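Peer 1: Sequence isn't available, so here's the structure alone:
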């Protein structure tokens, strides 16, 4: 992160879905990330591959009321990033047990995100010091907001 620039927070699919579905008890902390972005205290990133999962969850699995509006509002608050073929190969070849988690992590790392935000810290044991993994509550507490 450059001095004076906003920290880039990559949101894992679980955190994004907590926001979209208002899933308790996780919504309370996750939505604070949106508030930080709205106040220009952070920039939110989401993987293009995560959006495919979110569309499936919102429309087909949970059939969220106003899913289209919720997704469009959420997307407007985030920058959408992709990893491409090289990152897909790296994720599949990685030591991650969950390859979808690996795809998200390596996409965020490739982009140069400052933080990887997830509720499932234990799924990210094989990570780089360049991209710290935190829960929404941990990140918010670290900002002092």
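Peer 2: Yep, that arrived. Everything numeric in this text was worked out from a predicted model, so none of it was measured. Residues are numbered from 1 along each chain as shown.
Peer 1: Tell me where the chain has strands.
Peer 2: Ranges of strands in the chain, per DSSP state E, are 8-11, 43-47, 78-81, 115-117, 133-134.
Peer 1: Measure how far the last one is from the centre of its chain, please.
Peer 2: For strand 133-134, the separation from the chain centroid amounts to 10 Å (computed by CA atoms, centre = their mean, to the nearest Å).
Peer 1: Mean neighbour count added to the strands of the chain, as TSV?
Peer 2: Bear in mind the C-beta positions are built from the backbone N, C-alpha and C, glycine included. Below are the strands of the chain laid out as TSV (neighbours: other CB atoms under 10 Å):
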stretch	mean neighbour count
strand 8-11	25
strand 43-47	23
strand 78-81	16
strand 115-117	25
strand 133-134	19
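Peer 1: As TSV, the ones you listed with distance to residue 89 and mean pLDDT would be great.
Peer 2: TSV is the format used below for the strands of the chain (distance: least, CB to CB, whole Å; pLDDT from 0 to 100):
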stretch	distance to residue 89	mean pLDDT
strand 8-11	20	98
strand 43-47	16	98
strand 78-81	17	98
strand 115-117	20	98
strand 133-134	22	97
